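Q: prediction below, plus the sequence it came from.
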Amino acid sequence: MRTRITAAVIAALLATGAVACSSSDTEADPAACKAAMKKQFDEAMKKGGDAAAADGRPDACVGIDDKTAQRYAKELMGDAMDDAMKSAVPDLDPDDVTASPPNADDIKESLDAIKGDLDDALDEAGITPTP
């Protein structure tokens, strides 16, 4: 369930990054843009399944080119996927002899499910991932 929510939120974040570039006379602050995108992403994660695609870029991203915004979205998505993987795989205590390592087939199945959910979310958002 959390995977589906995460995939929907990631699609919303990518949709935000895919919005056409706005022009502005003010100089854009890349760090402020990325922080605003992270905040938008975190807020969408809190909403879970009720999260909708953001309505345009955060104000801090006005003047940031599409390629940079998409790179930020990919970085935030990568961080979210890392966090999801860390929470999916239990911490193993080397002193606990009852702990067993995760089964490779189970991990592959989980990764395949995450990829499928992400692909579905990207399709729903009308986004074609770039390699």
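A: Structure received.
Q: next secondary structure element downstream of the lowest-mean-pLDDT helix or strand in the chain?
A: Within the chain, no helix or strand scores below helix 2-17, which has a mean of 52 by mean pLDDT, DSSP states H and E. Scanning forward in sequence from helix 2-17 by DSSP states H and E, the next helix or strand is helix 30-47.
Q: in that following helix, what counts as buried?
A: 33, 34, 36, 37, 38, 40, 41, 44, 45 (16 or more other CB atoms under 10 Å). For glycine as for every other residue, the C-beta is placed from the backbone atoms N, C-alpha and C.
Q: list the contacts of the second one.
A: Right, residue 34. 72, 75, 76 (CB atoms under 8 Å, 6 or more residues apart in numbering).
Q: how close does the closest residue to the last one other than its chain neighbours get to residue 102?
A: The shortest distance from residue 76 to any residue that is not its chain neighbour, by CB to CB, 6 or more residues apart in numbering, is 5.4 Å, and that residue is residue 41. If you measure residue 41 against residue 102 using CB to CB, to the nearest Å, the figure is 27 Å.
Q: ok, residue 84 next?
A: 14 Å.
Q: residue 82 too?
A: 16 Å.
Q: over to residue 40?
A: Applying CB to CB to residue 40 and residue 102 gives a distance of 32 Å.
Q: pLDDT below threshold where in this protein?
A: Scanning the chain for pLDDT under 70 picks out the ranges 1-26, 49-55, 89-100, 129-131.
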